[in-house]
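Chemist: Starting from these lines, generate the structure:
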Amino acid sequence: MAELLARIALLSAMIGAVLTAWWAWRARDRWGRVSRPAALVGVGPYRRALVRSHAPRPVPLSVVLVAGTGCVWGFLTTLVFAPSGLVFLLAPARHDPVRQILLTLSGLGVFATAVAAFALGPSLVRASRALLEREPDADERALSVATWSSLHHAMVLLSFVLFAVHEDDARIVAIVAVPCAIGLVHAWSLGRVSRIVARVQRCERDDEDASSESAAILAIGDRSPL
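Modeler: Numbering: from 1, shown residues only. Okay, here's the model as predicted:
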């Protein structure tokens, strides 16, 4: 079982990396343009001139890293962590009534988070793609998924803490704490990147509004009789 999950995890990471590279390449013309160095073209004293060209601005590295991690983490969440969480529901209960209550609470938490993980994974992938391709609502979608992911990983950690107390085995917490910490850090990074993308889009809208206003003023000036 462990070997199968390891292979699925490796395949998920490979698919996530390939999809991230493909989406980033396809969205290379959606992040504006940057000026290239001026080049001297033409021959002769009256034909030579400095010409400036533009190139597509690449996707910011922070967006690529966070979106790529989100894409890989989304596949791992759905294909590895969610099925693994359901396996813990097969743990036998202790005869101690207090520990039975702990197992019940832990089982409810694990079941709820495992089922939710089947939906959280695709949401992480879609939010990552939206950020890379700068979809109109990418920042809002990423921020909502980041909030969901934070609550999800915190609930997972709490559920397995209760399960570790029931089993009287602290190693369970140590094992689960690593992926939960990664998920929480990524959720924080996803929320931060969503704000960066929102700021970029807001600045571009302000520039477009200013350009439109300047064009309107010039048009009025051209029609003036003076």
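Chemist: what about the helices in the protein?
Modeler: 2-26, 61-76, 82-87, 97-132, 138-167, 171-223 (DSSP state H).
Chemist: Out of these, which is the most enclosed?
Modeler: Highest mean neighbour count among those (mean count of other Cβ atoms under 10 Å): helix 61-76, with a mean of 22. In short, each C-beta sits where N, CA and C put it, glycine included.
Chemist: any weak-confidence spans in this structure?
Modeler: The model of the chain has pLDDT under 70 over residues 1-2, 32-57, 91-94, 201-226.
Chemist: again, only using 90
Modeler: Within the chain, the stretches falling below the threshold (pLDDT under 90) are 1-13, 16-17, 20-21, 23-64, 79-111, 114, 131-141, 159-176, 192-226.
Chemist: what about stretch 138-145, distance to the chain center?
Modeler: Stretch 138-145 sits 9 Å away from the centroid of its parent chain (Cα atoms, centre = their mean, to the nearest Å).
Chemist: gap between residue 149 and residue 175?
Modeler: Distance, residue 149 to residue 175, using Cβ to Cβ, to the nearest Å: 20 Å.
Chemist: which residues sit in contact with residue 89?
Modeler: 107, 110, 111 (Cβ atoms under 8 Å, 6 or more residues apart in numbering).
Chemist: Would you reformat those as JSON lines and include distance to residue 163?
Modeler: JSON lines is the format used below for the contacts of residue 89 (distance: Cβ to Cβ, whole Å):
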{"residue": "107", "distance to residue 163": "8"}
{"residue": "110", "distance to residue 163": "7"}
{"residue": "111", "distance to residue 163": "12"}
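Chemist: just the residues you listed now: which is nearest residue 185?
Modeler: Ranked by distance to residue 185 (Cβ to Cβ), the contacts of residue 89 are led by residue 110 at 21.8 Å.
Chemist: Surely that closest one and residue 160 touch.
Modeler: Yes. The criterion here is Cβ atoms under 8 Å, and residue 110 meets it with residue 160 at 7.2 Å.
Chemist: Overlap in contacts, these two.
Modeler: Taking Cβ under 8 Å, 6+ apart as the criterion, residue 110 and residue 160 both touch residue 88.
Chemist: Name the nearest residue to residue 176, ignoring sequence neighbours.
Modeler: Excluding its sequence neighbours, the residue lying closest to residue 176 (Cβ to Cβ, 6 or more residues apart in numbering) is residue 160, at 4.2 Å.
Chemist: Check the gap between the one you found and residue 3 for me.
Modeler: On the measure of Cβ to Cβ, residue 160 and residue 3 end up 22 Å apart.
Chemist: Likewise for residue 101?
Modeler: Distance, residue 101 to residue 3, by Cβ to Cβ: 35 Å.
Chemist: Check residue 14 too.
Modeler: From residue 14 across to residue 3, the span is 17 Å (Cβ to Cβ).
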